[in-house]
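Undergrad: Just to be clear, the model below is a prediction. Sequence and coordinates:
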Amino acid sequence: MNQEPKSGSRHLLLKAIRQHGRMARIDLARVTGISQATVTTVTADMLRQGLIAEHSADENKSEPGVRRGRPRVQLKLRGAAHLVAGVKIANDVLSIVFMDFAGKLLGDYTAPLEENVMAPQVLCDQLKTAIFAAAEHNGLDANNISAVGIGVAGVVDTERGIVHWSPSLTERNVPLQQLVAATIGCPSYVDNDTNLVAVAEMLFGHGVGASEFIVITVESGVGMGIILNGELYRGARGCGAEFGHCKVQLDGALCRCGQRGCLEAYVADYALIREASVCGIETKGNVKPIFDAARDDNAAAKNIITRASRMFSMGIANVINIFDPQLIILAGARMQHKDIYATVSSAVREQIVQVDIDPPEIIEHDWGDLMWAKGAAAYAIDRVAETSLLSKGDHAV
């Protein structure tokens with residue numbers, strides 16, 4: 001008799017249904033390697049629980065007048081099972097989306113942040129106000145939210161929900177997950193924001209169908225999300241993929257993390273603005289005037305962008321030499337100026353290990369702040385599913 005644990009089976013089956021949208025039981029068995037008997041038993045449990053629903057698909061509907069047997073029954077996630085919110089904490093704004101359990105986008109909203117750096121409880125209070133306002137704006141009841149996923153820049157321990165350091169917080173080692181849950185009144189789940197962009201790309205973007213790819217984001221900071229074998233990689237301590245804090249120069253420029261010589265200290269928005277102020281370029285805290293000046297052939301602005309591009313290219317080349325991914329996706333607000341970064345791909349090619357096969361594809365994807373929030377919502381769906389499965393005697397066989 002097949003003795004697959006229900007816990008592993010449920011997670012595999014739910015993941016497969018989510019990735020494929022709709023699947024028949026026989027196809028679930030084939031894709032997951034789980035026996036058909038176990039698929040039938042476990043999916044029956046999930047149907048009773050309301051996490052999935054049946055969908056009749058007539059395979060012969062393309063042939064008018066021809067009907068052979070019963071329509072094929074497929075399984076799909078039941079959207080109405082849960083409502084989740086996803087939040088991206090940016091430098092000066094909160095981006096919020098709502099999704100149902102099947103990943104359908106139900107609405108979005110943006111709210112300004114009062115300050116760039118805040119005390120933890122102040123941030124939590126602003127999150128609550130914004131989420132409730134967002135729900136009302138989209139005709140949703142905030143009291144029906146099953147969970148909130150939160151993407152924040154910095155070093156995050158996702159297992160314990162602790163933000164060890166973030167440029168958005170005045171304190172270190174903040175139990176943000178616990179604080180948000182207590183403030184909002186529903187479970188919350190916190191992760192590094194670029195990790196959640198990688199999740200969004202895997203589910204909704206250019207990463208669909210790719211088993212290994214890397215997302216690199218450039219805006220107020222520099223981040224990286226890694227997908228290996230179809231799973232998000234965080235590292236042994238949950239502190240991996242800190243691309244922006246790889247050292248590119250000993251005793252170099254001061255980074256906002258407190259150390260010197262980090263890649264971010266040469267590439268991120270604040271780094272460019274800092275250099276521009278030294279050169280007398282008026283920015284008003286925004287990088288756009290620097291890029292505009294570079295396009296107008298301002299020598300100082302061009303030098304700033306050229307230096308940042310060289311550092312950025314070197315960093316990407318190092319990532320390729322280490323991981324050799326299928327694909328690298330460049331994302332974030334900086335991709336609005338991708339014409340300036342047109343030389344990055346060619347510069348990377350010159351710095352990677354040369355072999356007689358094509359290097360990884362590098363593509364730009366600027367799809368706004370909502371992509372971060374979508375990743376956060378997807379993360380919340382995963383955690384809600386995990387909690388729901390565990391609540392049903394998941395360790396039984």
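TA: Alright, I've got the coordinates. Numbering: from 1, shown residues only.

Undergrad: ok, now how distant is residue 157 from residue 88?
TA: Look at residue 157 and residue 88: by C-beta to C-beta, to the nearest Å, they are 19 Å apart. Heads up, the C-betas are built off the backbone N, CA and C, glycines and all.

Undergrad: Looking at those two, which is more packed in?
TA: More crowded of residue 157 and residue 88, by other C-beta atoms under 10 Å: residue 88, with 28 against 19.

Undergrad: Verify the assumption that the more buried one is located in a strand.
TA: Yes - counting by DSSP: H, G, I helix; E, B strand; the rest coil, residue 88 is part of a strand.

Undergrad: Identify the residue spatially nearest to it, adjacent ones excluded.
TA: Excluding its sequence neighbours, the residue lying closest to residue 88 (C-beta to C-beta, 6 or more residues apart in numbering) is residue 372, at 3.5 Å.

Undergrad: got a list of what the one you found touches?
TA: Residue 372 is in contact with 88, 90, 95, 151, 193, 196-197, 200, counting by C-beta atoms under 8 Å, 6 or more residues apart in numbering.

Undergrad: one more time with 7 Å
TA: Residues in contact with residue 372 (C-beta atoms under 7 Å, 6 or more residues apart in numbering) are 88, 95, 151, 193, 196-197.

Undergrad: would you turn these into a markdown table with secondary structure?
TA: As requested, these are exported to a markdown table (three-state DSSP):
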| residue | secondary structure |
| --- | --- |
| 88 | strand |
| 95 | strand |
| 151 | strand |
| 193 | helix |
| 196 | helix |
| 197 | helix |
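
Undergrad: can I get these in a markdown table with distance to residue 259?
TA: Below are those laid out as a markdown table (distance: C-beta to C-beta, whole Å):
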| residue | distance to residue 259 |
| --- | --- |
| 88 | 25 |
| 95 | 29 |
| 151 | 23 |
| 193 | 20 |
| 196 | 25 |
| 197 | 24 |
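
Undergrad: Tell me, how many residues neighbour residue 251?
TA: Around residue 251 there are 7 other residues, counting by other C-beta under 10 Å.

Undergrad: quick one, phi/psi of it?
TA: Per-residue torsions, residue 251: phi 50, psi 40 (degrees, to the nearest 10).

Undergrad: Helix or strand: which one has residue 329?
TA: Here residue 329 sits within strand 327-331, counting by DSSP states H and E.

Undergrad: From the contact counts, what lies against that strand?
TA: strand 213-218, strand 361-365 (3 or more C-beta pairs under 7 Å, 6 or more residues apart in numbering; DSSP states H and E).

Undergrad: coming back round to it: from the contacts of residue 372, pick the one nearest residue 38.
TA: Of all those, residue 38 sits closest to residue 196, with 31.9 Å by C-beta to C-beta.

Undergrad: orientation of the longest helix seen in the chain relative to strand 361-365 in degrees?
TA: Counting by DSSP state H, the longest helix found in the chain is helix 299-323. Here the directions of helix 299-323 and strand 361-365 differ by 130 degrees (axes from the mean of the first three to the mean of the last three C-alpha atoms, to 10 degrees).

Undergrad: who does the helix or strand of the chain with the lowest mean pLDDT touch, helix- and strand-wise?
TA: When the helices and strands of the chain are compared on mean pLDDT, DSSP states H and E, helix 6-20 comes out lowest with a mean of 81. If contacts are counted by 3+ C-beta pairs under 7 Å, 6+ apart, helix 6-20 sits against helix 25-32, helix 36-49, strand 72-77, helix 370-390.

Undergrad: Measure how far that helix is from the centre of its chain, please.
TA: Distance of helix 6-20 from its chain centroid, counting by C-alpha atoms, centre = their mean, to the nearest Å, is 20 Å.
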